[in-house]
Each structure stands twice: as structure tokens, then as C-alpha cells.
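# Okay, predicted coordinates and the sequence, questions at the end:
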Amino acid sequence: MTMGSNNNIPGTGPVINSAVAPGSMLLLSLALTSMFVFSNASPAGATEFSLSGRRLTLDLSWGMLFHYHGDNNTPKYLENQPKEDDNYLDMQNRLNAVLAAGPWSLGLRADIIFFHDLYENRAKGAFRYKNLFRPGTEINGDIQGASFLPEKLWGSYNTNNMEVTLGDFYATFGHGLVLAVRKVDELGVDTTLRGGKIKAFLGPVELQALAGTANPANLDPDKELILPDPDDVLAAARIAVNPSDGLKIGAHTVYCGMHYAGGLGGKLPRVDNLMAGLDVQALGLLNDKLDIFLDAAFQDRDPFDKLNVLDQASYNAGYGYGLYGGFNLNLHPFTFTLEFKNYDQLFLVDDKVKLLVDPVEYTYVDTNVFYYAPPTMERKDQEVPPQDNVLGGRAKIGIHLDAIDSDINVSYLLYAAGNKGKVGERRFPEDRRIYHLLLGFEKHWIKGHRLILTGGFREDYMYEPAGSKSLSDQLGHFEVDAKWAVYKKHGIGLFMKHEEEYKLGAGRFREGDFALEYTYGRIASAAFMLSYSGNPGFAPRKGETKLYFGGQITYRPSAIASLRLFGGSRRGGQRCVGGQCRIYPAFSGVELAATIRY
């Protein structure tokens, strides 16, 4: 559902705007925070009570995030409007509630969000991109004040033999080559399907069917824009068999109908996608020493030939294939992992969900909504090239040093990537080859000390048809995560991340983060933070390395409540989790976050 306008956005339903003033909303949120955080709250857990003789449980959680945005010194050439991400307030309140009675449960996520402009000279209609909605939607005035609506709503019935859900739900098949509609907390991504899902367990056989429309969270976490729903439709079915302990074989099919705003032959044509997949996993072989897994996928884009010739070429209509597999072998003190992947023109991501900027010129801003998540084999937080057309593998060796109770691991990745080519063309018209060596050391002590060291070196080369090669990207990086329990509840933590990078067109630069933290048990902590970036996309002047300073205090009076206050600045940059990446602007100002669970 969409928040922030006083209109009905097509495909999203009504939005309820309140006349609550920003100051009143802030005072109300702070009052709620103080009441719960500084009270003698009971331990976390759902509240139990009886109603008409029936035992019920209610699980409530509330989160508040407040920002004061000062001037983050974003280079003017990166701004569409002067001060577009400066000098404003925003507050995000989120309530999650689950009411359960036996096998029945009812869930709700309700959001209240407001923006308040502090920049007196801002052009009318330029605050929070009020005009960036789907074509045909009229937005009267800028987005200010508070907007309330249920973002997620679901009801479910769960027993040992059946699970039924109506409303919002997540869905993943196998390792995600065909379907992965999920939540990624680190990026603020929360996409569900709104419809129905049923899963039945018939002995060793598992049956599943689902259908719904895509319902991503509508506050874009990096640009803080209110986004519309993409109106994409998905339907899927799956059967899995467990013939013996540890062995599972599954087959599934997925239909996805997406609005393609990048079409050349028409406005927002709908693209049909049919996908089929097979997954096999055998766990605990050789006396629990060996695990084997394999996923395969097939895709037919525009199977019913509904697109015209121009849009078929633009969308790259045709076939796609995917294969991912490997094994884990544990021979103490050694562990071995071998993975491979072969994705050939395989893509199911609505990167064509656009926000209209100019209704005459039809220029757009991209916002990605992912419906699948093929394994990247890179470290979870690493930037990766698009996974539409890649071929490669990863080998990892780990050893446990019994003498010092520590772990060392070495990984090496090698894969080729290319642009999506037309069917029948050479697989990689412009070969792109990536090499990545990763090293790691990890040690934990009984008293609570820890030391984790990681690092690596990656090179990305472009190979021309004539055989020559040129460096496209280069990355050298190391990370330190350490904690030392100094005395009783007192502890010190250190985190460091440094990257030396080269990017074609941007040159060489460095960026990184440093944090020194004091902790008092699990109750409180205080940290000094330093980050730096010479990335030309964020430094005010090319060749300059900009420094960012900040401080953070965290207070956790009980297991159900936490309060965090940050002040200062932090660098912008690209943040990646499992192949999904978002570019976040630099931040300068104050951030207050509170979380309460009852």
C-alpha cells in the first residue's frame, strides 16, 4: 500500500491522511517511547488472555525512527533539485500486531509516516518528489503531514498437516532461482505477495499453491520516497517429496505478469513470464559429513507472444536458464565447499518499475522490486554484477585449529559475466571476468572476547573480441570485528572496514568505516564513529577524501525495549545484501530510533 498522498494511487487502495501536525506527532512518539523504555517492563513475550473462554495471545511491537536531515553536502550534479535531500524532518512509526488463538492467527503492520520541510526556498512541488508517481496519477501539493494505513494484513490457519494464509505472505522456492519474495532487513526491503497461499503435507509429500499481487514496502529506504505498488501478478505451484531423512526433491512453476515501463512500442505493456524449476538436496550423507544441493530453472519471457516487435526486443523476450549446485564436506578439522552457477539470460526482477518524472518526455527513475534471488556465491555484503548472465564457481577451504580453538578459511571465486544477449548470439559478447580471493580468521573466548579478521582482493577485467583485456574494477578490502570484556560488565568493541577501489570512469579512491564502542553489559553502549569516502559520486570534489564523524548512544532497559540516538554524519555509498544493492546518500543530522515489544 502507498503512503503519503491524498489521492487513490492506482492499484494501491485508499490512503488515510491525518491532520496531525509534525510537532504533535513527534511529541506523541517521544511520550510513547519514554513510557515504555523507562518503565519496569516485563520480559519479552506475547501477552496471554481469555475471551469467552478461549485462550488468546497478542504479540505487539512498535518501532519509531526519526530523522533531522541537515546538509549532507551531496554534489550538486547528483541532485535533481537544490537541497532535495537536505533540511527536512521525517518520522516513521510502525506497529506490528499478531493475535493468535490455537491454529488461527491474524496479523497487521500499520505505518504512520510524515515529512516536514524546513527549507524555505524550496520550489513548490519539489519536496519529497510529489510528482514521481505512476502516469495518470494526480498529486495535489507536496507530501507533508501524517499518513496512516495498514501496510501488511494477513490471516492464517496452521496445523501439522496444513497451512493456509490469506493476505500478505512471503514465498521462496529452493535456493531462489525461480521465486524469492522476501524481507531484507539490512536494506529496508520488505516485499510480500497479497493474495492467498495454501500448503498441505500428505505424508512425505508437500503440496503448495499461491497467487497474489506484489506488495513491496512503499517507503523507499535509501531515497525516502513514497513509492507506488508495481501491480505485478504472481501465481505459483510446487510439489516436494521427502523419500527419506535428509533427502528432498522439489519441482515448481511460477507465472509472473509485470508492467514494463521501458517499452518502446507502448506505455506500460504487460509482460508475461513463465518459469519452472527443480531442486534436490541430500543432507547428512556419509555419517553427517556430506551435504549436496542442486537447483535448476527455466524461463520463457513473453510465452504468449503478446508484445509487439519493438517491446520484444527491448525486454529481450525469449528463454532463460539457470543452474546452481554444490556440496559441503566436513572432514574434521577441515571443511570443503564447492559451488557452481550458470545463469543464461535468467532474470525476474521488476527493474522496470518506474516513477514518472516528466509526463511529456516520459523519463523515469528506477526502483527495483526483486522476485527471485539466485545465489551470488560472493560474501553477503559484496557488490556483484547483474546475475542475468554469469558462469562460474567458488571453492572454499576451512580449518579448525584445535590448539587455539580458532577457524581459518580461504575462498576463491572465478566467474564470467556479460550483458543479456539475444537468443542465438555468442554467450558473452563482451567477456567480463571476475576473480576474488577471500581470507578469514575467527576466534571466540569463553569470557566473551572475540576477534574476526577478514579481507580479500578482487579484479574485474573486460575482454575485447580481439583478445585484449582492460581493468574494469579492482577492490582490495579488509575488516576487523573485535570485542574485549574488560571488567565484569564493562567491554570495548572495535570495528574497522577499509576498501581501496578502482572503477572504470571514476578512477582510484578509498572508503571505509571505523567505530570504537564502550558497552555496559547488554544495557547500554556508546560509540564514536568515523567514516571516509573518496568515491567521486559522493565527494564534493573529485580526488577529495571526505571525512564523516558521528556518535551513538544505545540504551536497552529490558529485553523488550531499546533506544538509540545518533548524531553527526555518515558516508553514503552502495550497500549490498545477497545480490540486492541500493545506493544511499550521505547523512548529516540526528537519528532517533526506538523499539518496543509487548
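Arrived safely, thanks for sending. Numbering: from 1, shown residues only.
# so Trp484 makes contact with Trp445?
No - under the criterion of CB atoms under 8 Å, Trp484 lies out of contact with Trp445, with a separation of 9.1 Å. For the C-beta atoms, the positions are set from N, CA and C on the backbone; glycine is no exception.
# Who has more neighbours out of the two?
For Trp484 versus Trp445, the count of surrounding residues by other CB atoms under 10 Å is larger for Trp484: 16 against 12.
# show me what contacts Ser531?
Applying CB atoms under 8 Å, 6 or more residues apart in numbering, we find Ser531 in contact with 511-514, 547-548, 550, 570-571.
# and the residues you listed, which two are the farthest apart?
Maximum pairwise distance among the contacts of Ser531 (CB to CB): 15.4 Å, between Glu511 and Gly550.
# Please, a PyMOL command that selects the buried ones among the contacts of Ser531?
With 16 or more other CB atoms under 10 Å as the criterion, this PyMOL line picks the buried residues out of those:
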select buried, resi 511+512+513+548+550+570+571
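# I'd like the contacts of Ser531 as TSV, with distance to Gln299, secondary structure and pLDDT appended.
Converted to TSV, those look like this (distance: CB to CB, whole Å; DSSP: H, G, I helix; E, B strand; the rest coil; pLDDT from 0 to 100):
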residue	distance to Gln299	secondary structure	pLDDT
Glu511	36	strand	93
Gly512	39	strand	94
Asp513	38	strand	96
Phe514	44	strand	97
Leu547	46	strand	93
Tyr548	43	strand	94
Gly550	44	strand	97
Arg570	39	strand	93
Arg571	38	coil	90
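# Which other helices and strands does the host helix or strand of Ala296 contact?
Ala296 belongs to strand 290-301 when assigned by DSSP states H and E. Counting contacts by 3 or more CB pairs under 8 Å, 6 or more residues apart in numbering; DSSP states H and E, strand 290-301 packs against strand 270-284, strand 318-331.
# Nearest to Pro585 among those would be which one?
The minimum distance between Pro585 and the helices and strands packed on strand 290-301 falls on strand 270-284, with 31.4 Å, by CB to CB.
# So which elements touch the closest one?
strand 247-259, strand 290-301.
# next helix or strand past it?
For strand 270-284, the following helix or strand on the C-terminal side (DSSP H and E) is helix 285-288.
# which other residues reach that next one?
Residues outside helix 285-288 that contact it (CB under 8 Å, 6+ apart) are 246, 291-292, 330.
# I'd like those as a markdown table, with pLDDT and neighbour count appended.
Written out in a markdown table, the entries for those read as follows (pLDDT from 0 to 100; neighbours: other CB atoms under 10 Å):
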| residue | pLDDT | neighbour count |
| --- | --- | --- |
| Gly246 | 92 | 13 |
| Asp291 | 97 | 18 |
| Ile292 | 97 | 16 |
| Asn330 | 96 | 17 |
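# so which of those residues comes closest to Leu99?
The closest of these to Leu99 turns out to be Gly246 (CB to CB; 36.7 Å).
# Now do the same contact list for that closest one.
Here Gly246 is in contact with 282-285 (CB under 8 Å, 6+ apart).
# which one of the residues you listed has the most neighbours?
When neighbours are counted as other CB under 10 Å, the busiest of the contacts of Gly246 turns out to be Ala282, with 16 neighbours.
# So which of the contacts of Ser531 is the closest to Ile112?
For the contacts of Ser531, the nearest to Ile112 is Arg570 (25.5 Å; CB to CB).
# Next up, the contacts around the closest one.
By CB under 8 Å, 6+ apart, Arg570 lies in contact with 529, 531, 548, 550, 586-587.
# So which bits of stretch 458-467 are buried?
So stretch 458-467, judged by 16+ other CB under 10 Å, has buried residues 458-463.
# Same list, those, but as a markdown table with distance to Arg432 please.
Formatted as a markdown table, the buried residues of stretch 458-467 follow (distance: CB to CB, whole Å):
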| residue | distance to Arg432 |
| --- | --- |
| Arg458 | 13 |
| Glu459 | 11 |
| Asp460 | 7 |
| Tyr461 | 7 |
| Met462 | 6 |
| Tyr463 | 7 |
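# and the residues you listed as JSON lines, adding pLDDT, distance to Ser61 and secondary structure?
Shown next, in JSON lines, are the buried residues of stretch 458-467 (pLDDT from 0 to 100; distance: CB to CB, whole Å; DSSP: H, G, I helix; E, B strand; the rest coil):
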{"residue": "Arg458", "pLDDT": "94", "distance to Ser61": "39", "secondary structure": "strand"}
{"residue": "Glu459", "pLDDT": "92", "distance to Ser61": "45", "secondary structure": "strand"}
{"residue": "Asp460", "pLDDT": "90", "distance to Ser61": "42", "secondary structure": "strand"}
{"residue": "Tyr461", "pLDDT": "87", "distance to Ser61": "48", "secondary structure": "strand"}
{"residue": "Met462", "pLDDT": "82", "distance to Ser61": "48", "secondary structure": "strand"}
{"residue": "Tyr463", "pLDDT": "77", "distance to Ser61": "51", "secondary structure": "strand"}
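# what is the nearest residue to Ala282 once chain neighbours are set aside paired to in the beta sheet?
On the basis of CB to CB, 6 or more residues apart in numbering, the spatially nearest residue to Ala282 that is not a chain neighbour turns out to be Ile292, at 4.6 Å. According to DSSP bridges, the residues that bridge with Ile292 are Ala282, Phe327.
# Equivalent analysis for the one 5 residues further on, please.
With DSSP bridges as the criterion, Ala297 is bridged to Gly277, Gly322.
# in terms of contact, does it touch Leu179 like I think?
No - with contact taken as CB under 8 Å, Ala297 and Leu179 are classed as non-touching, separated by 9.5 Å.
# low-scoring pLDDT stretches of the stretch 151-300 of the chain, where are they?
By pLDDT under 70, the weakly predicted segments of the stretch 151-300 of the chain are 226-228, 260-269.
# change it to 80
Judged against pLDDT under 80, the low-scoring parts of the stretch 151-300 of the chain cover residues 218-231, 259-270.
# How about the stretch 451-598 of the chain?
Within the stretch 451-598 of the chain, the segments meeting pLDDT under 80 span 463-468, 505, 537-543, 574, 577-583, 598.
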